[in-house]
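Peer 1: here are the coordinates; sequence isn't available:
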């Protein structure tokens, strides 16, 4: 029997369990349960006991019965030793332990005698922990953003960690922040402007990029290699170095505070990457198909419209979604070019909300939800296309 | 025959490329060169607006007579700092209506009042009064007269187009404004942001490359921080980290982990005592770097995951046969397979983090020791209102970027094309 692997198993698994319980406790705190103490050490001891019993019982009993009884025992012991907690919290603890003991299924004394077992176990719990860690770190801010938008100013001031939604109120009260930002702060208009700018940018970019990408991919001309390398180099230049000259020129031409000015700038900044992504795909289309088109008497316009575009729809979809995302999320140019509330995009409008220190935070978060939700939904729905767009275009960020 | 075909091909190529090239030239290349021009000038934000002669027309009825009217033109120079030369004015009157008294500078010809005002100094104002009457003594429609807008034009110096140059901006950038600290902050932010994002990306990719329940879901949510709008995410984090009632500080205080809230975004230094040594941690900068890592590790993750999935499975099977544990497999198989992509990622992310503006601007606005070069462009140009200085900082950024790009293409340019 190897003591080393046994001890490593004990500690890796019980530390994992204690951390999970702590996270669950913190999340419960955010739902208005008042805990004052994490009791990490006590829970670590409890978990150690649990793991030891689990490993020593091994496969002597029916597995399902074993984990059920053990979880129940542990939950009761936990609730008894810790602060008072509502029923749903204990149920959560019970489910967590059920899941955890199920993971320990194959761990008995025999299993722990294998080679390299301690490394494997550490790796396994590390991955489990990583799943929880990444999910928490990423989703937590989104969760807070969402939940805060349903709170009221006074409730947030009284207890900033109670983020539970009060469902006893009527629906207008719950969604009050959303009504306010649409009514008082005119967010309906900003959504329209943002959609108009983003969709417009996509269309104009495609209109300019498809012919150019075709030329770069297929035709021979003087300066081709120079052009294709400069596309990437141009793409590396950040918006911040363009901002001052564009600001001065746009001020003098009267293009500031106009959505059209924004459209031009967005199109120009997304063009290089759109051309880069499209030409790569165009090159993969077999030349023979175009040659057949040429024999049928098509000119380049006909070839692009009738052959290239239908064949490269997936690539066009990726480019469109990527450009849409960039235009929807863009902030710097809209900050520089728009100071009239009538021409604001969503991002600029939210920034404008924070300009007034009196703006309650739930309005700010409601605005953030309004700007974030569409892009996340689009991302989830078109994930395949957007991911390939991101990979190809991720020289930028 | 073939030469004429290739000619047609060339011509087609140029027509197809022309619109895109023109647009990119106007919006991206021209500003980069314009920066050089502006950076050698002493220009403030207020100098940008071209001075214009303006007139506000007021029409007043005269008592006891509806065939006569008084028109007042409130004339002014829109600029308070620049003169306008050779101001010309013209306004149309309806048929049968004539001015009674005319200023010496004006004349009336074919139903038009034309005036030559000469020079208007900065902030010039004048009220020009003209009485008009109907030749046939009929009533005048004052609304109709008011609806005609007067035309004004004049010449003025556009400060951007003059040829007065100065080295003052560059002198200020390099000598007066703590240039070394600015550069150090920028590199600190860029380097740690890049390395952190790549490390976290390796972990995440390694994780998603295993089989577990909910793996595709995990892959989607890992990209959320990158896909979401900066504005929303940055403000959410500011609220989370807020020292007064931010969720994280409140939670930590509630559980007694810290005694009083830490102002993670507003405190420049955190002094840590380790074995008697005092370590000064740049707290706000570190927080901003963590946000940066949080937001951009998904990109590193995407790249690395794609590479991981291309590693042949039999390598790992062979390692299993040899009895290698998971850590050994990672360091001896996975890591060597992904070094190429890691070096490319490092260069690309380094360049983009170097340029990062929005994240820092929204979180701290460049305060508490988070002033980087891009933020400095904004501060000089728009907060201090010195366009010339802003441009000079931009030039510094462009020069550094060109250096990075040369290094990039020299070192791994060829590898990048292979992947």
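Peer 2: Nice, I can see it. Here the structure is a predicted model, which means the values were calculated and not measured. Residues are numbered from 1 along each chain as shown, chains lettered A, B, ... in the order given.
Peer 1: how about the helix or strand hosting residue B:291 against chain A, any contact?
Peer 2: According to DSSP states H and E, residue B:291 maps onto helix B:283-309. Yes: remark: helix B:283-309 sits within contact range of chain A at B:294, B:296, B:299, B:302, B:303, B:306, by CB under 8 Å from any CB of the partner chain. Where C-beta positions appear, they are placed from N, C-alpha and C, glycine not excepted.
Peer 1: let me know the closest of those to residue A:306.
Peer 2: Within the residues of helix B:283-309 next to chain A, proximity to residue A:306 (CB to CB) peaks at residue B:306, which comes in at 33.0 Å.
Peer 1: pLDDT score for that closest one?
Peer 2: Predicted confidence (pLDDT) for residue B:306: 85.
Peer 1: before we move on, the earlier item: now for the residues of helix B:283-309 next to chain A: which two are most distant?
Peer 2: Longest distance between any two of the residues of helix B:283-309 next to chain A is 21.1 Å, between B:294 and B:306; criterion CB to CB.
Peer 1: which of the two has more neighbours?
Peer 2: residue B:294 (20 against 15; other CB atoms under 10 Å in any protein chain shown).
Peer 1: give me the neighbour count for the residue nearest to that one when sequence neighbours are not counted.
Peer 2: The spatially closest residue to residue B:294, leaving aside those adjacent along the chain, is residue B:225, at 5.6 Å (CB to CB, 6 or more residues apart in numbering or on different chains). When neighbours are defined as other CB under 10 Å, residue B:225 has 22 of them.
Peer 1: which is the succeeding secondary structure element to the helix or strand hosting residue B:225?
Peer 2: For residue B:225, the element it lies in under DSSP H and E is helix B:224-227. Per DSSP H and E, the first helix or strand lying C-terminal to helix B:224-227 is helix B:230-241.
Peer 1: what helices or strands is that following helix leaning on?
Peer 2: helix A:117-148, helix A:346-355, helix A:361-381, helix B:247-254, helix B:283-309, helix B:358-363 (3 or more CB pairs under 8 Å, 6 or more residues apart in numbering or on different chains; DSSP states H and E).
Peer 1: next, the buried residues of that helix.
Peer 2: Of all the residues in helix B:230-241, those buried under the rule 16 or more other CB atoms under 10 Å in any protein chain shown are B:230, B:231, B:232, B:233, B:234, B:235, B:236, B:237, B:238, B:239, B:240, B:241.
Peer 1: before we move on, what about stretch B:75-91?
Peer 2: Buried, per 16+ other CB under 10 Å, within stretch B:75-91: B:75, B:76, B:77, B:78, B:79, B:82, B:83, B:84, B:87, B:89, B:91.
Peer 1: swap in stretch B:367-374?
Peer 2: In stretch B:367-374, residues buried by neighbour count (16+ other CB under 10 Å) are B:368, B:369, B:370, B:371, B:372, B:373, B:374.
Peer 1: which SSE is residue A:89 in?
Peer 2: With DSSP H and E as the test, residue A:89 turns up in helix A:87-103.
Peer 1: is chain B within reach of that helix?
Peer 2: No: no part of helix A:87-103 sits near chain B under the criterion CB under 8 Å from any CB; the closest distance found is 10.8 Å.
Peer 1: and the angle for that helix with helix A:117-148?
Peer 2: Here helix A:87-103 points in a direction 150 degrees away from that of helix A:117-148 (axes from the mean of the first three to the mean of the last three CA atoms, to 10 degrees).
Peer 1: how much space separates the residue lying closest to residue A:390 once chain neighbours are set aside from residue B:222?
Peer 2: Nearest residue to residue A:390 in three dimensions, chain neighbours excluded: residue B:302, at 6.1 Å (CB to CB, 6+ apart). As defined by CB to CB, to the nearest Å, residue B:302 lies at a distance of 9 Å from residue B:222.
Peer 1: and residue B:286, by the same measure?
Peer 2: Taken as CB to CB, the span from residue B:286 to residue B:222 is 23 Å.
Peer 1: enumerate the positions of stretch B:383-392 that are buried.
Peer 2: Applying 16+ other CB under 10 Å to stretch B:383-392 flags B:386, B:387, B:388, B:389, B:390, B:391, B:392 as buried.
Peer 1: just checking, which of the residues you listed belong to helices?
Peer 2: B:387, B:388, B:389, B:390, B:391, B:392 (DSSP state H).
Peer 1: which of these lies closest to residue A:53?
Peer 2: residue B:390 (67.8 Å).
Peer 1: wait, what's in contact with the closest one?
Peer 2: By CB atoms under 8 Å, 6 or more residues apart in numbering or on different chains, the contact set of residue B:390 is A:244, B:377, B:378, B:380, B:381, B:382.
Peer 1: helices along the stretch 151-300 of chain A, start to end?
Peer 2: A:153-158, A:171-174, A:176-183, A:187-218, A:224-236, A:239-253, A:259-284, A:287-295, A:300-303 (DSSP state H, counting those that start in this stretch).
Peer 1: make CSV out of the ones you listed and add mean neighbour count, distance to residue B:335 and mean pLDDT.
Peer 2: Formatted as CSV, the helices of the stretch 151-300 of chain A follow (neighbours: other CB atoms under 10 Å in any protein chain shown; distance: least, CB to CB, whole Å; pLDDT from 0 to 100):
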stretch, mean neighbour count, distance to residue B:335, mean pLDDT
helix A:153-158, 13, 47, 78
helix A:171-174, 12, 51, 80
helix A:176-183, 18, 48, 86
helix A:187-218, 21, 36, 91
helix A:224-236, 15, 28, 81
helix A:239-253, 22, 35, 87
helix A:259-284, 22, 28, 88
helix A:287-295, 12, 40, 82
helix A:300-303, 16, 46, 82
